[in-house]
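Undergrad: Got a sequence here, can you build the structure:
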Amino acid sequence: MVIEPKSVLHLRLNQTIVDRGVDMPFQGMNFMGAEIASTVGLNDILENIRKAEKDPNIEGIFLELSIIMSGWSTVAEIREALSDFSVSGKFIVAYGESKSQKAYYLAS
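TA: You can find the predicted model right below:
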């Protein structure tokens, strides 16, 4: 995948955040109801923030927030990674029509 110059990492944290993401496509599937429980791994979020910090084609991060489905410690780890990212001089913008306390904490 080639990242174009002046790109922005769009983090939409609207899924349940688990400790480790899975590479198995049927992991979250409920075969009785044919639903897929959508999750994202904390490890994947943190890795992508670190990659964006080092990639010269990434100008900043756009956080799309509303209700964050995870524990406080997970949100604190993401917030710490974003704080490290901001030291690089790149921007972070957070948006949400309504925010939970966790989303507000992350946006701050």
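Undergrad: now residue 95: how far from residue 66?
TA: 10 Å (Cβ to Cβ, to the nearest Å). C-betas here are computed from N, CA, C, even on glycine.
Undergrad: neighbour-wise, which of the two wins?
TA: Using other Cβ atoms under 10 Å, the more surrounded residue of residue 95 and residue 66 is residue 66, with 14 against 11.
Undergrad: Endpoint to endpoint, stretch 91-108 covers what distance?
TA: Separation of the first and last residues of stretch 91-108 by Cα to Cα, to the nearest Å is 13 Å.
Undergrad: This structure: helices as residue ranges?
TA: Using DSSP state H, the helices of the chain run over 42-54, 72-86, 101-107.
Undergrad: Settle this for me: residue 9 is touching residue 61, isn't it.
TA: Yes: with contacts defined as Cβ atoms under 8 Å, residue 9 counts as touching residue 61 at a distance of 4.7 Å.
Undergrad: Mutual contacts of those two, please.
TA: Contact with both residue 9 and residue 61 is made by residues 49, 52, according to Cβ atoms under 8 Å, 6 or more residues apart in numbering.
Undergrad: So what pairs up with the nearest residue in space to residue 18 that is not next to it in sequence in the strands?
TA: In space, residue 18 comes closest to residue 39 once its chain neighbours are excluded; the distance is 4.9 Å by Cβ to Cβ, 6 or more residues apart in numbering. Beta-bridge partners for residue 39, by DSSP bridges, are residue 16.
Undergrad: Mean pLDDT, mean neighbour count and distance to residue 3 added to the helices of the chain, as TSV?
TA: TSV is the format used below for those (pLDDT from 0 to 100; neighbours: other Cβ atoms under 10 Å; distance: least, Cβ to Cβ, whole Å):
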stretch	mean pLDDT	mean neighbour count	distance to residue 3
helix 42-54	95	16	9
helix 72-86	96	16	16
helix 101-107	92	17	24
